[in-house]
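Visitor: Next input, structure requested:
(one chain, ligands or ions: 1)
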Amino acid sequence: MLICTTPAEMQAACRHVRGSAHSLGLVPTMGALHAGHLSLVSAALTQNDAVAASIFVNPTQFGPNEDYAAYPRTFDEDCRKLTEAGVALLFAPTAADMYPSGNTTFVDPGPIATRLDGASRPGHFRGVATIVTRLFHIVQPDRAYFGQKDAAQAAVLRHIVRDLNLPVELVVCPIVREPDGLALSSRNRYLSAGERSRALALSRALAAAGDLAGHGETRAEALRAAMLSVFSVDAGPDAAPVRLDYAAVVDPDTLLPVADTSRGALLAVAAFIGATRLIDNLLIPAHEG
Ligand code: PAF
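Guide: Numbering: from 1, shown residues only. Sure thing, here's the model as predicted:
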């Protein structure tokens with residue numbers, strides 16, 4: 001695996017790879033790789049002749065009081081996993097490589113960037129849209145791979161690809177879960193054992209609402225109430241506190257709330273488990289009949 005650290009080096013290496021391969025896939029990541037990331041790599045390998053990945057903890061998508069400094073950085077282990085998986089090229093710039101002084105151009109996706117995580121984390125999706133657009137310009141992939149766990153991020157990226165006519169196909173891969181339902185996330189490694197078990201509230205809330213939807217319930221309020229009831233269960237005085245950020249029933253493309261899920265919907269939750277903010281979601285298919 002060839003590792004490039006500057007945008008110019010990566011641009012040249014990708015030009016070279018594109019010259020000999022018919023198609024190039026890109027898996028953008030912030031590192032601290034887990035099986036969810038590796039599922040993106042393996043989807044990319046089946047659909048492209050060559051695969052590039054990036055590891056960059058992007059400062060512009062973190063708020064001032066968020067975990068930018070503490071975000072897990074496991075570069076050597078990540079490189080080993082990507083090499084074993086068959087990634088040809090890795091882009092691993094520093095913050096100074098990507099944001100040298102005088103770099104002031106941002107991609108602002110508009111109102112969609114203020115919904116769900118964008119409401120709780122102002123500026124987050126502007127930072128994501130900016131870095132992903134730049135990665136697309138540097139790598140010029142045919143396809144780029146993202147996880148469904150970040151459903152709002154996927155909606156924002158679909159929006160900018162459409163608005164800016166970016167010549168890339170977005171591929172959104174299914175959420176990978178632990179056997180007990182916890183969605184894989186690099187932030188799970190922040191959790192203590194007690195917090196880890198409290199974190200199951202997210203997937204349980206979604207499962208409760210999904211069950212109801214499976215039995216024909218299409219009223220968003222009823223599905224939302226099912227999610228809230230899981231979060232309101234008191235796990236006792238020793239349990240780490242769970243603070244719900246949002247439990248929403250929205251259109252998966254616009255992220256706007258829907259009142260009825262007959263045409264399909266996204267159930268999305270975010271919660272703080274102690275100091276760790278986790279997200280999870282479930283797509284409800286359109287109701288038949
Ligand atoms: O999903 C992530 O890991 C990040 O938001 C991304 C897409 C790599 C941009 O920094």
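Visitor: Point out where this protein drops to low pLDDT.
Guide: 234-240, 289 (pLDDT under 70).
Visitor: Can you show me the strands along it?
Guide: For the chain, the strands defined by DSSP state E cover 2-4, 24-29, 50-55, 89-91, 143-147, 169-173, 242-250, 265-273, 276-284.
Visitor: what distance separates the second one from the centre of its chain?
Guide: Using C-alpha atoms, centre = their mean, to the nearest Å, the distance from the centre of strand 24-29 to the centre of the chain it belongs to is 13 Å.
Visitor: Tell me how far the closest residue in space to residue 183 that isn't next to it in sequence lies from residue 262.
Guide: Spatial nearest neighbour of residue 183, excluding adjacent residues (C-beta to C-beta, 6 or more residues apart in numbering): residue 280 at 4.7 Å. Yep, even glycine has a C-beta here, placed from its N, CA and C like the rest. For residue 280, the distance to residue 262 (C-beta to C-beta, to the nearest Å) stands at 23 Å.
Visitor: Comparing the two, which residue is more hemmed in?
Guide: residue 280 (24 against 13; other C-beta atoms under 10 Å).
Visitor: Isn't the more buried one up against residue 207?
Guide: No. Checked against C-beta atoms under 8 Å, the pair residue 280 and residue 207 is beyond contact range at 10.1 Å.
Visitor: Could you list the residues of the chain in contact with the ligand?
Guide: Contact residues (C-beta under 6 Å from any ligand atom) of the chain with the ligand: 28, 29, 30, 58, 61, 128, 131, 132, 150, 153.
Visitor: between those, which is closest to residue 49?
Guide: residue 28 (18.7 Å; C-beta to C-beta).
Visitor: bridging residues for that closest one?
Guide: For residue 28, the beta-bridge partners are residue 54 (DSSP bridges).
Visitor: List the contacts of it.
Guide: By C-beta atoms under 8 Å, 6 or more residues apart in numbering, the residues touching residue 28 are 53, 54, 56, 131, 132, 135, 144, 145, 146.
Visitor: Find the residue closest to the fourth one in space, skipping its chain neighbours.
Guide: In space, and not counting its chain neighbours, residue 131 is closest to residue 58: 4.5 Å by C-beta to C-beta, 6+ apart.
Visitor: And for residue 158?
Guide: residue 170 (6.0 Å).
Visitor: Could you pull up the residues touching the one you found?
Guide: Going by C-beta under 8 Å, 6+ apart, residue 170 touches 143, 144, 146, 154, 157, 158, 161.
Visitor: Pick out whichever of these sits closest to the ligand.
Guide: Checking the contacts of residue 170 against the ligand with C-beta to the nearest ligand atom, the nearest one is residue 146 at 6.2 Å.
Visitor: Would you map the helices across the stretch 151-289 of the chain?
Guide: 151-163, 193-198, 200-214, 220-231 (DSSP state H, counting those that start in this stretch).
Visitor: so can I have JSON lines of these showing mean neighbour count?
Guide: Formatted as JSON lines, the helices of the stretch 151-289 of the chain follow (neighbours: other C-beta atoms under 10 Å):
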{"stretch": "helix 151-163", "mean neighbour count": "21"}
{"stretch": "helix 193-198", "mean neighbour count": "16"}
{"stretch": "helix 200-214", "mean neighbour count": "20"}
{"stretch": "helix 220-231", "mean neighbour count": "18"}
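Visitor: So which of these is nearest residue 34?
Guide: Using C-beta to C-beta, the nearest of the helices of the stretch 151-289 of the chain to residue 34 is helix 193-198, at 14.2 Å.
Visitor: how far out from the middle of the chain is the closest one?
Guide: Worked out by C-alpha atoms, centre = their mean, helix 193-198 lies 22 Å from the chain centre.
Visitor: With just CA atoms, put that helix into CSV.
Guide: Output in CSV follows, covering the C-alpha atoms of helix 193-198 (Å, rounded to 0.1, in the frame of the first residue of the first chain):
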residue,chain,number,x,y,z
ALA,A,193,-18.2,-1.5,30.8
GLY,A,194,-21.3,0.1,32.5
GLU,A,195,-21.6,2.7,29.7
ARG,A,196,-21.3,0.0,27.1
SER,A,197,-24.4,-1.8,28.4
ARG,A,198,-26.3,1.5,28.8
